[in-house]
Each structure stands twice: as structure tokens, then as C-alpha cells.
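Enquirer: Sequence unavailable; structure follows:
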């Protein structure tokens, strides 16, 4: 009892104001007035010199949004967002399209440095000849506007398009017009519809037929200006027989007021293509009393449009006050496969309602869900997942495994699976466990010389191992650090 | 060297150890025998620092230093090792990862450098060979799916790696077949050294055929009630513990 109690106390005592990335940088911002109306939507669109079709697309979404209600079915409680007090556009003033890191605001580079993102190092790394070197291209998004895009030439050689979506609108309008909103339609849900109306920027990726993207693509971004909702929009298309691994990682500075983040990510795979999308999320979770913190209301969806295509989501969620996030796969193409690997850690007063949807539409489609939830402090952690087989989805197969680990007595873990088979050849398996770190495990580890924190981190890392293994190496290391930070405060 | 002086321990208000005294010198192997429920395992846990026990009085010294105020991990770094009666499973944590984390944690606590990978591998391989542990075991999660004997061997392997000054074996022979007892005992015998004190907790004389103790202590009613040489174990094998019932006339010979 006592050993675990000590750990529990330690976890409880973590002052979330110690939040490692809770600093705020002073970069001049260019902000739209608070509130939302058609003029603001037009302003956002005109700031980006968007074509008329896109302005109209945004306006249509905005009008639709006005008719929608904020969803309340998730197991989360929070004061409602005052949408008319938010600013819907902010951009660093220095934005004039820097050609290299030298032209980037040094303050911005310092922010990344504090975050431990070695941009320059990575650029050097990518410049090094030799196949053994792993390469990571970084499209760094600072608040709303992408200010640094690296390695474009390298990628261009392979025919890969990786750029801010605001740029793709101009350079590849036919692709953006064809795919934008084709997975998450503007009418999809409250937050995604808002995103469609006011989306700021994000990444655009196109991998041509038969191309295996020569490096992992990565975007680090942060929310920065106070009271600025960030509406990231990402669109990734993998054409026939192509492959790409995309990494997304983010942290945000400390804030007293809640910040809304309503991103939309759309993935499309054509025949025999594969997208692997990995996220490490460590946004400000709020202070020790649960005040502040990010509202993370994200819509992520992949469409396995082609035969034998594959989409794999891996997420490590440690931050945010409220998480509402269900990266999903539409298994449309025959023989397509969807995967969802998730680690969700909640501590303090955090509330997580996350999971996935695997919608089997095509024949012989398969999916796999591995979810590991860890709750500590006074947090609530819910897995919500839907697996369904359409009438024509002959031989659809799913395997789901949801494990929950509780640390302490004041937190909660909930598992809410929705399983729906309209085809009697479907085979769906669901396994779920809930456990606590045992006194005996803690004492055993401590007897061998590990401190209570080290023992907890070791046991938790063991618990999430199946999912960590799915992450690219660089991310796995970062994720392990985040797990330690999330549960121990000062470590890492 | 281990010195336990006038140790009084209770759990939930019940006194378990009632003024226990025990000294195990450097290089000595002491066997502690006695009937069930007499506090043998409690003694092991209290020395290792398990926190559900209330220490109401007395001292525990390791190499002359009082360890009672230390946490379990600090005691481990000070040289205390407990081979568990039931070693726990830790799912998802690779055996090598665990061994290395434990060894390096202790080294850090003592202000020593962490071992390099080759140096660590060499030591693990040597210890593994001594205990006849198959290499594929080292790749599995710690103790997960191991048989009782395999778990005990893994514990002794940890003892070999961590090089404690006070090694306590709590009912290490329980649940082991005769071959496993032989392998574990040979391992322990190889780890006997002039600088290490061993405490063997056991019900049965059987283990002591393999690990021959220097001293045998009989525990009853939360105290050591008789101390003798290895022949005492044989005597107990004949007569049982009847003479040492907590409220019998027998007087604590050790005091």
C-alpha cells in the first residue's frame, strides 16, 4: 500500500505549472478582430489570396456551422467555448517566405530550440550523403502560417509535394480542389465544419504513383498567440502504390484561458498505397486545479479509397485539458486495412475521450485497434471506438484490444465500444482489461534499486510497449520522454 | 554484515516481530527456520523496507549503518538484496531492460559510472551461464510466462549482477523440483564470498543439504529462540518445531 501511495502522492503533487514547455515567446502577431462572421471568413481567405472557389467553400461551411450544435455526447465536462471571443486569424508579421533558416526570426528558432527540435541539425542530417542516415523533413508551422519549409528540393526530386496547404492552393489547385473535404466533408461535425470555414494552415502532401517517400515527413507546431484558436488543416494523398510516413508532434505554451484547437486531418490512399501517420501530442494540460489547458477537438480521418491500401494511425496523447479525438479509417477499397495504435495518458484534471472508428465497406477488409489508456491524478480517460461492417463488407475482420491502467484512486478509466456488423461473415474480436500498478510490482522494482518514479515509468512503459513499437524510432524516444514527463513532472 | 537489534514490528496492530536479535557476519550463511506464521518472511520484508509494516522499535544495520530510515531502493543501493518467495511478473518490460535499469540505478545511487553495454552484456552472460538460463529468456518480458524455477533462477541471476552485501533468500526452495534446487543452490554457493552475508529463510532442512549454513537460527513467536550450527537443522528435521511453540517453556537461546 505505502509504496504505491507514495507514487500516487508524487503524481498528485506534480504541479502542472512545471509544464516543461509552458513558456511564451514574444513574436509580433497579426491578429483578426475577435468573433466570427462572413467578413472574417473572407478576411482569412483574402489574407491568403485564395481563389474564389475556396472562399465560397469556406463561406458555405460557415453558414452550415451556424446551424450546428456543439456535440455533448463525449464523457468530458468543460465550460463551453465562447466562440465569439476567439480570434480566428493570426500570423507572424515577419512572414515573407524565408528561403532558409537564416531568414527566420531568431526568436522563433529559439522557441524551437527550447522545445528541443534541432531544426538545423535535422537539415544538416538530411544534407549528409549516405543511405544509413535517417532523414526527417520538417514543415514547421508557427501558429497559423508556415514559416519554414525545408528539404523541398530533395522531395521534389522524388516528385513528392510537401508544402503548406496555403501554398498548395496556388501551386496545385487541381489536387486541393479534388481532395479537400473529400474525407471529412464540410458538413461532418461541429468542429470540423468550423475548421473548414476558418482553417489557418497546415500541411499538404502528395506522393505520386509508385513512389516511396524518401524520408519521414514531420510537422511540429505550437499554439502561440493568446486567445487564438488554431485550425490546422492537413491533407495527405498517397497515389497508387506509394508510401509515406508522416509525423506530427506538438507542444503549446502556458495559458490561463482555455485554448481551442480544432484541427482536421484528411488522408487518402489509392490502390496499394500506404500512409502511416504518427502523433505525439503534449499540449498544455492546465494547472494543478485544472484551470487553463488546451481543448483538443480534432477530426482525423483516413479513406482507404483504393484496393489493398492501408492507413495506420499511431498516437501518443499526453497533453491537453480536454481531448476529443477519434482518428478513423474508412475501409472502402477491397482488401484495405486500417490500424489504430494509441497511448493516452491523463493526469491532474485532464479529460480524454478518444478512440477510433473502423468502417468496413469493402470486401476482405481488416482492421486492428490497440489502445492503452493510463489515468492518474483526478483524470478521466475514456476509450470510445466504433467498428462496423457494411452489408457488402464480406469477410471483414477486426481485432480490438483496449487496456486501461489506473494510478491512484481518484481517476477513472472507461471503455465504450460500439460494434455493428451487418454482414454475417464479419469477424470482430474485442478484448479489454483494466488494471492498477500492483504494490508487489512496485516493491519488487524498488528492491532492485529503482526509485518509485523510475519504477512507475518502467512499468508504464512496459504497459504501452505494443504501441511504442509502432512509432518511428525518433518518435518512440520522444514518446518515452513524454510519458516520463506526464507522470513524473521533473524527469526528462 | 547484518545486525538486527531488538526489532519490534507490527502490522495492523498485531505484533509480528517481538524484540528480534540476529547478527550475520561477513561471509556467514545463516539459516532461519521455524514454523509457519512465526514472522520469517516479515523479517525479510522489513529488512528490505516494505512499507506496510510498522517498525516500533529496534535497529537494522548493514555494514554498521542503520538502514531503517531508508527507502527500499536506498536499501538496495546500500547492499540489501531480497530473493522473493514469489518473484513478480512485469509485462512488457524486457528482462535485459530491467536488469540494466536496476544495476545502473544502484550504481548511480553509489556515485559510480553506469556500465557500458559490452561490460553489462558480459556480466549478464556470465551470470546466465552459471545459472543455466537460456538466452532466449533474456529477451522476454521479466518473469512473464516463466515457471516457478525459472523465476527463482532469474532472481539469483539478479543477485549475481547486483553483488549485494546482505542477501536474503525467502523460501527460495519452495515450489522447486530437485533439479531446480540444485541449480539455484549451486548459483548461491558460487556467490558465497568473504564479504557477503546470507540469510536463508526456509521451512525445510532439504535446501541446507545443498547450501550448507554456518549457523542455524530457530524463530518462534517473533524472536530467535535458538541458535546453533548446521547440525541443528538435522535435529529439527527429526523433532519438528513442537518444542518451539511461541508460549512453550523454551527460552531464547540467542540472547
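Expert: Okay, I see it. Being a predicted model, the structure only gives us computed values, none of them experimental.
Enquirer: quick one: stretch B:56-72 near chain A?
Expert: Yes: using Cβ under 8 Å from any Cβ of the partner chain, we find that stretch B:56-72 touches chain A at B:71, B:72. Yep, even glycine has a C-beta here, placed from its N, CA and C like the rest.
Enquirer: That stretch: end-to-end distance?
Expert: End-to-end distance of stretch B:56-72 (Cα to Cα, to the nearest Å): 18 Å.
Enquirer: What separation is there between residue A:175 and residue A:168?
Expert: Separation of residue A:175 from residue A:168 (Cβ to Cβ, to the nearest Å) stands at 7 Å.
Enquirer: So for those two, which sits in the more crowded spot?
Expert: residue A:168 (21 against 17; other Cβ atoms under 10 Å in any protein chain shown).
Enquirer: Could you list the contact residues of chain B toward chain A?
Expert: B:48-52, B:71-73, B:75-77, B:80-82, B:84, B:87-88, B:90-93, B:97-98, B:101-103, B:105-106, B:109, B:141, B:158, B:162.
Enquirer: Buried among those? Make that a ChimeraX selection.
Expert: Command for ChimeraX that selects the buried part of those, burial taken from 16 or more other Cβ atoms under 10 Å in any protein chain shown:
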select /B:48,49,50,51,71,72,73,75,76,77,80,81,82,84,87,88,90,91,92,93,97,98,101,102,103,105,106,109,141,158,162
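Enquirer: which ones are touching residue A:32?
Expert: By Cβ atoms under 8 Å, 6 or more residues apart in numbering or on different chains, residue A:32 lies in contact with A:40, A:43, A:44, A:87, A:88, A:89, A:90.
Enquirer: Mark which of those residues are part of strands, please.
Expert: Among the contacts of residue A:32, the members falling in strands (DSSP state E) are residue A:90.
Enquirer: any low-confidence regions in the stretch 51-200 of chain A?
Expert: Within the stretch 51-200 of chain A, the segments meeting pLDDT under 70 span A:91-153.
Enquirer: repeat for chain B
Expert: B:245-255.
Enquirer: By proximity to chain A, which residue of the stretch 151-255 of chain B wins?
Expert: Proximity of the stretch 151-255 of chain B to chain A (Cβ to the nearest Cβ) peaks at residue B:158, 6.4 Å away.
Enquirer: And the next helix or strand past the helix or strand containing that residue?
Expert: Per DSSP states H and E: residue B:158 is located in helix B:148-162. Next helix or strand after helix B:148-162 toward the C-terminus (DSSP H and E): strand B:166-170.
Enquirer: what about the strands in chain B?
Expert: Counting by DSSP E, chain B has strands at residues B:2-11, B:14-24, B:29-33, B:54-62, B:65-66, B:80-83, B:166-170, B:197-201, B:215-220, B:223-228.
Enquirer: now swap in the stretch 201-350 of chain A and tell me
Expert: In the stretch 201-350 of chain A, the strands defined using DSSP state E, counting those that start in this stretch lie at A:203-207, A:216-222, A:233-238, A:243-251, A:259-261, A:264-269, A:274-282, A:294-304, A:310-317, A:322-325, A:328-331, A:337-346.
Enquirer: Next, the contact list for the most centrally placed residue in chain A, please.
Expert: Most central in chain A under Cα atoms, centre = their mean is residue A:279, positioned 4.8 Å from the mean C-alpha point. Residues near residue A:279 by Cβ under 8 Å, 6+ apart: A:247, A:248, A:249, A:313, A:314, A:315, A:316, A:317, A:327.
Enquirer: which one of those sits closest to residue A:469?
Expert: For the contacts of residue A:279, the closest approach to residue A:469 (Cβ to Cβ) belongs to residue A:314, at 9.6 Å.
Enquirer: Would you quantify the distance from that closest one to chain B?
Expert: Computed as Cβ to the nearest Cβ, to the nearest Å, the residue A:314 to chain B distance reads 17 Å.
Enquirer: For residue A:485, pull up the helix or strand it's in.
Expert: Here residue A:485, judged by DSSP H and E, is contained in helix A:473-488.
Enquirer: Ignore what I typed, I meant residue A:170.
Expert: Going by DSSP H and E, residue A:170 is in helix A:165-171.
Enquirer: that older thread, hey, what's in contact with both of residue A:175 and residue A:168?
Expert: With Cβ under 8 Å, 6+ apart, residue A:175 and residue A:168 have common neighbours A:161, A:204.
Enquirer: ok, back up a step: now the weakest link among the strands of the stretch 201-350 of chain A, please, by mean pLDDT.
Expert: Of all the strands of the stretch 201-350 of chain A, the minimum mean pLDDT falls on strand A:216-222 (a mean of 64).
Enquirer: re earlier: export the contacts of residue A:279 as CSV, with columns for distance to residue A:350 and neighbour count.
Expert: Shown next, in CSV, are the contacts of residue A:279 (distance: Cβ to Cβ, whole Å; neighbours: other Cβ atoms under 10 Å in any protein chain shown):
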residue, distance to residue A:350, neighbour count
A:247, 23, 23
A:248, 20, 24
A:249, 18, 22
A:313, 21, 26
A:314, 20, 27
A:315, 15, 27
A:316, 14, 30
A:317, 10, 25
A:327, 19, 26
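Enquirer: Nearest to chain B among these?
Expert: For those, the nearest to chain B is residue A:316 (15.3 Å; Cβ to the nearest Cβ).
Enquirer: if I look at that closest one, how far off is residue A:487?
Expert: For residue A:316, the distance to residue A:487 (Cβ to Cβ) stands at 13 Å.
Enquirer: repeat for residue B:85
Expert: When distance is defined by Cβ to Cβ, residue B:85 is 30 Å away from residue A:487.
Enquirer: coming back round to it: of the residues of chain B next to chain A, which belong to helices?
Expert: B:48, B:72-73, B:75-77, B:97-98, B:101-103, B:105-106, B:109, B:158, B:162 (DSSP state H).
Enquirer: quick one on the thing from earlier: which strands and helices sit next to the helix holding residue A:485?
Expert: helix A:2-13, strand A:243-251, strand A:274-282, strand A:310-317, strand A:337-346, helix A:452-463, helix A:465-468 (3 or more Cβ pairs under 8 Å, 6 or more residues apart in numbering or on different chains; DSSP states H and E).
Enquirer: where does the closest residue to residue A:426 other than its chain neighbours fall, phi/psi-wise?
Expert: In space, and not counting its chain neighbours, residue A:426 is closest to residue A:389: 3.9 Å by Cβ to Cβ, 6 or more residues apart in numbering or on different chains. Torsion angles at residue A:389 (phi, psi; degrees, to the nearest 10) stand at phi -120, psi 120.
Enquirer: what sits against residue A:389?
Expert: A:360, A:396, A:420, A:421, A:422, A:423, A:426, A:428.
Enquirer: Of those, which is the most crowded?
Expert: Within the contacts of residue A:389, most neighbours by other Cβ under 10 Å means residue A:360, with 32 neighbours.
Enquirer: Over to residue A:413. Which of the three states is it?
Expert: At residue A:413 the chain is in strand, as set by DSSP: H, G, I helix; E, B strand; the rest coil.
Enquirer: Quickly list what the closest residue to residue A:85 other than its chain neighbours is bridged to.
Expert: Among residues not flanking residue A:85 along the chain, residue A:34 sits closest, at 5.4 Å (Cβ to Cβ, 6+ apart). Taking DSSP bridges as the rule, residue A:34 bridges to residue A:87.
Enquirer: Distance check, residue A:34 against residue A:82.
Expert: On the measure of Cβ to Cβ, residue A:34 and residue A:82 end up 9 Å apart.
Enquirer: more crowded one of the two?
Expert: Neighbour totals were compared for residue A:34 and residue A:82, and residue A:34 leads with 15 against 12 (other Cβ under 10 Å).
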